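K.L.:
got a predicted model here, sequence first, then my questions.
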Amino acid sequence: MPVRISSMSAIEILDSRGRPTLRVQATLADGRSVRSGVPSGASTGSREAVELRDHDEKRYSGLGVQQAAANVNGPIAEALTGRLFASLDQVDDTLRELDGTADKSRLGANAIVGASMAAAQGFALESGHPLWRWLTPDGVTPRLPVPHFNVVNGGVHAPNALDFQEFMIAPIGAPSLPEAVRAGAEVYGRLRAVLAERGFATGLGDEGGFAPEIALPEEVLALLVHAISDAGYTPGRDGVAIALDPAASEFHRDGRYVVGGESLSSEDMIDRYAQMIDEFPIWSIEDGLGETDSEGWQKLTGRLGERVQLVGDDNFVTNPDVIASAVRAGIGNAALIKVNQVGTVSETLEALRVCRESGYAAMISHRSGETDDTFIADLAVGSGCGQLKSGAPARGERVAKYNRLLEIAASAPEHPFGLPATHG
């Protein structure tokens, strides 16, 4: 159903880290309005769409987004308002043509993605369907995803000595979405108690996970297994499994990986992951090697791809062409999907299509700088990918996504829950 946007505007708001971001509002011809909150990442791939910052050191240490807001209020609004758009593709094509750069840096990926997300919600509203339903491609079954809760933070997400960025718990064996959310919250609560009992601080990182002063990832993994068991769950794929996002590009220097003060080669890192998988119930590893280490990624995939999910993020950047190239090269077996990483909703949907047709799994993801926007929860359900990561089961901007999943589960209990059979 076509959509006519009568107005579009943006204001500068704060994200969950206290940094500026955008809120974009669109009003339809009948007066109904929708809005989007734009996320922002800390750990970023070099080929991501480029967000626009003001670089005025007198405001927010140069991180202001007043120019990006002005771009929405000016040229973007002028290009989109008053026209009848037959599809979101048409809206996003207009935005890309207006920007005119390959990386969306002229108008700013933050301005463009905010407009695209608002437009998508406008189409859903006009269709009379919930957003998740409108986002569901033909031939795809909506699916309630397994939530991946980031319960321990390190890397650029926390001020500790832990090089690995995210340690997640994934209630793969839960019978339903509500029970998976309950498992995540209960294990998170038990982990807090375990850390306190052992004298670790229980302060939080950017994504709501604890940030204890631990240097070795294996120590964190042992704590997670202990907390899962103490909370009354089975560690592993039949209960609560573990997923890692080392974000290895952040500690990849001069062809080596520096973890806990030790310098490792690609082969050494692969050996270490193999040992971790042998000892702990790890089911997924994201960004296990650096984005430029293509040869290492091929070796990692060849050795461990049949045992665990290997997710490309920094090296894939939600770009359909890049993902297709990685498939041909035998790199990874899954892709992380971030709407603001590629910069429009239609390109995000195309990346998901490439994954489906290539036999690659996909995981929808938040960013370290978040708002209370719940777009990605609907995207996770509508895409049928079966996986969503949105941080800890704590902090409002993270919990908003999980609570939205609970709403969808209550409104559409017929939806299947969990990983698709081909990736379980």
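P.N.:
Happy to help now that I have it. This structure is a prediction, so every number in the text was calculated from the model and none was measured.
K.L.:
for L191, which residues are in contact?
P.N.:
Going by CB atoms under 8 Å, 6 or more residues apart in numbering, L191 touches 151-152, 210, 223-224, 227. The C-beta positions use only the backbone N, C-alpha and C, and glycine is treated the same way.
K.L.:
turn those residues into JSON lines, including secondary structure and distance to I337.
P.N.:
Shown next, in JSON lines, are these (DSSP: H, G, I helix; E, B strand; the rest coil; distance: CB to CB, whole Å):
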{"residue": "V151", "secondary structure": "strand", "distance to I337": "21"}
{"residue": "V152", "secondary structure": "strand", "distance to I337": "23"}
{"residue": "F210", "secondary structure": "strand", "distance to I337": "26"}
{"residue": "L223", "secondary structure": "helix", "distance to I337": "29"}
{"residue": "L224", "secondary structure": "helix", "distance to I337": "25"}
{"residue": "A227", "secondary structure": "helix", "distance to I337": "28"}
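K.L.:
only the buried subset of those, as a PyMOL command please.
P.N.:
In PyMOL syntax, the buried subset of those is picked out as below (16 or more other CB atoms under 10 Å):
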select buried, resi 151+152+210+223+224+227
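K.L.:
so which of the contacts of L191 is the closest to R253?
P.N.:
V152 (23.2 Å; CB to CB).
K.L.:
how close does the closest one get to Y402?
P.N.:
With the distance defined as CB to CB, to the nearest Å, V152 ends up 18 Å from Y402.
K.L.:
list the pairing partners of the helix or strand of the chain with the lowest mean pLDDT within its sheet, with orientation.
P.N.:
Among the helices and strands of the chain, strand 252-253 carries the lowest confidence by mean pLDDT, DSSP states H and E, at a mean of 92. Partner strands and pairing direction for strand 252-253 (DSSP bridges) are strand 256-259 (antiparallel).
K.L.:
which of the helices or strands spans S325?
P.N.:
Element membership of S325 [criterion: DSSP states H and E] is helix 320-329.
K.L.:
that helix packs against which elements?
P.N.:
With contacts defined as 3 or more CB pairs under 8 Å, 6 or more residues apart in numbering; DSSP states H and E, helix 320-329 has these neighbours: helix 345-358.
K.L.:
any buried residues in the helix it packs on, and which?
P.N.:
In helix 345-358, the ones that count as buried by 16+ other CB under 10 Å are 345-356.
K.L.:
what residues does E350 make contact with?
P.N.:
Taking CB under 8 Å, 6+ apart, we find E350 in contact with P320.
K.L.:
let's go with 10 Å and repeat that
P.N.:
Neighbour list for E350: 89, 92, 318-321, 323-324, 342, 344 [criterion: CB atoms under 10 Å, 6 or more residues apart in numbering].
K.L.:
please spell out the ChimeraX selection for the buried subset of these.
P.N.:
Per 16+ other CB under 10 Å, the buried members of the contacts of E350 correspond to this ChimeraX selection:
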select :92,318,319,320,323,324,342,344
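K.L.:
sorry, back to before: quick one: which of the contacts of L191 is nearest S105?
P.N.:
V152 (34.0 Å).
K.L.:
how far away is that closest one from H415?
P.N.:
30 Å.
K.L.:
quick one: T374 and P39 touch, right?
P.N.:
No - counting by CB atoms under 10 Å, T374 sits too far from P39 to count as a contact (11.5 Å).
K.L.:
looking at these two, which is more packed in?
P.N.:
Shown here are T374 and P39; by other CB atoms under 10 Å, P39 has more neighbours (29 against 20).
K.L.:
the residue lying closest to that one once chain neighbours are set aside: neighbouring residues, count only.
P.N.:
Sequence neighbours aside, R367 is the residue nearest to P39 in space, at 3.9 Å (criterion: CB to CB, 6 or more residues apart in numbering). When counting by other CB under 10 Å, one arrives at 26 neighbours for R367.
K.L.:
now R367. Its backbone dihedrals?
P.N.:
R367 has phi and psi values of phi -130, psi 170 when expressed as degrees, to the nearest 10.
K.L.:
how about the one 3 residues further on?
P.N.:
Main-chain dihedrals, E370, degrees, to the nearest 10: phi -120, psi 170.
K.L.:
could you check how far it is from M1?
P.N.:
30 Å.
K.L.:
please enumerate the helices of this protein.
P.N.:
Counting by DSSP state H, one finds helices in the chain at the ranges 66-71, 77-80, 88-99, 109-127, 131-135, 177-197, 217-230, 266-279, 294-304, 320-329, 339-342, 345-358, 375-383, 396-411.
K.L.:
now do the first one: which elements does it pack against?
P.N.:
Based on contacts counted as 3 or more CB pairs under 10 Å, 6 or more residues apart in numbering; DSSP states H and E, the elements that helix 66-71 packs against are strand 3-14, strand 20-28, helix 109-127.
K.L.:
contacting residues for Q121?
P.N.:
So Q121 contacts 24, 26, 28, 33-36, 131, 134-135, 345, 373, 375, 378 (CB under 10 Å, 6+ apart).
K.L.:
do S61 as well
P.N.:
Counting by CB under 10 Å, 6+ apart, S61 has contacts 19, 53, 55.
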